[in-house]
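> Dropping a prediction and its sequence here:
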Amino acid sequence: MLTNLEFADVPWQVGVLVSGMVLVFFVVVFWTLVRVSPKRRPDPDAPRRAESRRRQAALRKRRLALQARAARRGRRRSG
């Protein structure tokens, strides 16, 4: 039994083996954390929000069209 263990006392194969085991350990831990982490669920409100965005865009477009038409009419009157 080695009592005063120095790195020089250990053959290089042992270092490679221990390094490999540590690497495998970290891979297993990381893989497990990825698998058990909470998954992102699809948002149940997404269709409603998309519809609201479409409605807002349509209103904005209509308002801009009305403003452009009013501006054209105003220009026509003054000219």
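Perfect, thanks for sending it.

> Distance-wise, check residue 74 relative to residue 20.
80 Å (Cβ to Cβ, to the nearest Å). (Each C-beta comes from the backbone N, C-alpha and C, glycine too.)

> Residue 63 now?
For residue 63 relative to residue 20 (Cβ to Cβ), the value is 67 Å.

> Tell me which helix or strand in the chain has the weakest average pLDDT.
helix 46-78 (a mean of 89; mean pLDDT, DSSP states H and E).

> What residues of stretch 64-79 count as buried?
Using 16 or more other Cβ atoms under 10 Å as the test for burial, stretch 64-79 gives no buried residues.

> CA atoms only for it - export them in PDB, please.
Only the C-alpha atoms of stretch 64-79 are listed here, as PDB (Å, rounded to 0.1, in the frame of the first residue of the first chain):
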ATOM      1  CA  LEU A  64     -53.600  54.500 -41.500                       C
ATOM      2  CA  ALA A  65     -55.700  54.200 -44.600                       C
ATOM      3  CA  LEU A  66     -58.400  56.500 -43.200                       C
ATOM      4  CA  GLN A  67     -55.700  59.000 -42.100                       C
ATOM      5  CA  ALA A  68     -54.200  58.900 -45.600                       C
ATOM      6  CA  ARG A  69     -57.600  59.400 -47.200                       C
ATOM      7  CA  ALA A  70     -58.300  62.300 -44.800                       C
ATOM      8  CA  ALA A  71     -55.000  63.900 -45.600                       C
ATOM      9  CA  ARG A  72     -55.600  63.600 -49.400                       C
ATOM     10  CA  ARG A  73     -59.100  65.200 -48.900                       C
ATOM     11  CA  GLY A  74     -57.700  67.900 -46.800                       C
ATOM     12  CA  ARG A  75     -55.000  68.700 -49.400                       C
ATOM     13  CA  ARG A  76     -57.600  68.700 -52.200                       C
ATOM     14  CA  ARG A  77     -59.800  71.200 -50.300                       C
ATOM     15  CA  SER A  78     -57.000  73.600 -49.600                       C
ATOM     16  CA  GLY A  79     -55.700  73.400 -53.200                       C
END
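
> Right, I'll leave it there.
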